[in-house]
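# everything below, folded, please.
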Amino acid sequence: SSNMKHLWEHPRDWINIYGYMQDPHSLSMLSSHRELVQSWLQFHPEFSRVCRKQVQADTWTVVHIRRGDFVKRGFALEPEAYINRLRSDGVVGPLYIASDDPTMASRFVDFETITPTPPVHISPVLFDFWMIANARAVYGCGSTFSWWGAFLSRQATYTSPPLTHTWHSGYKPELSLQHL
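Numbering: from 1, shown residues only. As a prediction, this is how the structure comes out:
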């Protein structure tokens with residue numbers, strides 16, 4: 001954390017950034033300089049054109065549900081938590097489900113979902129990230145992946161538990177609107 005504070009206070013050219021950048025000081029600095037950071041970290045226009053061609057919608061909402069290690073560590077929200085929140089927020093679709101569980105989309109049958117196929121030469125994970133970064137709203141899971149995607153979006157609201165590394169012992173995750 002003190003190294004990140006020093007980097008923010010004494011920037012240099014040609015800095016390679018590696019890490020989560022989600023310690024309290026970095027989160028504050030990222031929030032203060034969001035537009036600048038967004039300008040640095042945008043998808044190449046040709047990449048976005050190829051991805052957008054796969055999506056049969058002008059706008060969409062993303063639900064990012066991480067299972068795998070989140071289930072093992074007790075961090076995972078059940079799909080019903082997302083479904084209930086989507087209903088209470090009045091979301092009807094189109095909805096894109098980004099998950100490491102390929103059966104997850106079948107849990108959202110009451111919603112209009114979209115299932116674009118990632119372009120052949122683009123990793124499905126990178127395509128999911130592009131979908132998050134270009135969504136009108138993101139319902140995340142407290143992961144760095146969905147947080148960064150929502151942060152880089154110029155339009156998305158972000159509803160999620162807080163970032164998992166900020167949880168205190170015994171915290172029960174719940175979906176709430178997060179300030180980016």
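
# low-scoring stretches of the chain, by residue?
Across the chain, the ranges flagged by pLDDT under 70 are 1-2, 4, 8, 11-20.

# now residue 179: closest residue in space, sequence neighbours ignored.
Closest residue to residue 179 apart from its sequence neighbours, by C-beta to C-beta, 6 or more residues apart in numbering: residue 31 at 7.3 Å. Quick note: C-beta positions are derived from backbone N, CA and C, even for glycine.

# state the distance from the one you found to residue 134.
Going from residue 31 to residue 134 by C-beta to C-beta, to the nearest Å gives 21 Å.

# report the buried residues of the strand or helix carrying the residue nearest to residue 179.
Per DSSP states H and E, residue 31 falls inside helix 24-32. Neighbour counts over helix 24-32 (16 or more other C-beta atoms under 10 Å) mark 25-27, 29-30 as buried.

# what helices and strands are in contact with that helix?
Secondary-structure packing of helix 24-32 (3 or more C-beta pairs under 8 Å, 6 or more residues apart in numbering; DSSP states H and E): helix 2-9.

# mind listing what residue 55 touches?
Residues near residue 55 by C-beta atoms under 8 Å, 6 or more residues apart in numbering: 114, 116, 131.
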